[in-house]
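A.B. asks: show me the folded form of this:
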Amino acid sequence: MKKLLSILLCAVIAVSASSLSAGAKSGKLKAPKLKSVSVTNTNTLKITWSKISKAKGYIL
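C.D. replies: Sure thing, here's the model as predicted:
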């Protein structure tokens with residue numbers, strides 16, 4: 001359980017950090033907002049975030 005929580009925390013931090021750096025580099029697009037993180041099984045997380053118009057992709 002601790003390992004799963006650690007993975008979950010790392011995923012949330014990675015999404016937050018990458019969205020902030022992507023928005024800072026372009027200066028034009030807003031950073032996406034994290035909507036949810038859920039555990040689908042012992043090896044998988046489902047992460048959803050808000051869509052940013054004109055974004056060509058997202059970095060996790």
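A.B. asks: mind listing what the longest strand belonging to the chain pairs with, with the direction of each?
C.D. replies: Once the chain is assigned using DSSP state E, the strand that runs over the most residues is strand 34-41. Its sheet considered, strand 34-41 pairs with strand 44-49 (antiparallel) by DSSP bridges.
A.B. asks: in the partner strand, what counts as buried?
C.D. replies: By neighbour count with 16 or more other CB atoms under 10 Å, strand 44-49 contains the buried residues Ile47, Trp49. (Glycine included, C-beta is placed from N, CA and C.)
A.B. asks: could I get the average pLDDT for it?
C.D. replies: Per-residue pLDDT over strand 44-49 has a mean of 87.
A.B. asks: and it, C-alpha only, in CSV?
C.D. replies: The C-alpha trace of strand 44-49 is given here as CSV (Å, rounded to 0.1, in the frame of the first residue of the first chain):
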residue,chain,number,x,y,z
THR,A,44,-2.1,1.4,-13.0
LEU,A,45,-3.2,4.9,-12.2
LYS,A,46,-5.8,6.9,-14.1
ILE,A,47,-5.0,10.6,-14.2
THR,A,48,-7.3,13.2,-15.7
TRP,A,49,-6.8,16.9,-16.1
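A.B. asks: surely Ser50 and Leu29 touch.
C.D. replies: No - counting by CB atoms under 8 Å, Ser50 stays clear of Leu29, with 11.8 Å between them.
A.B. asks: just the helices in the chain please.
C.D. replies: 2-26 (DSSP state H).
A.B. asks: mind checking the pLDDT average for stretch 4-13?
C.D. replies: Mean pLDDT, stretch 4-13: 70.
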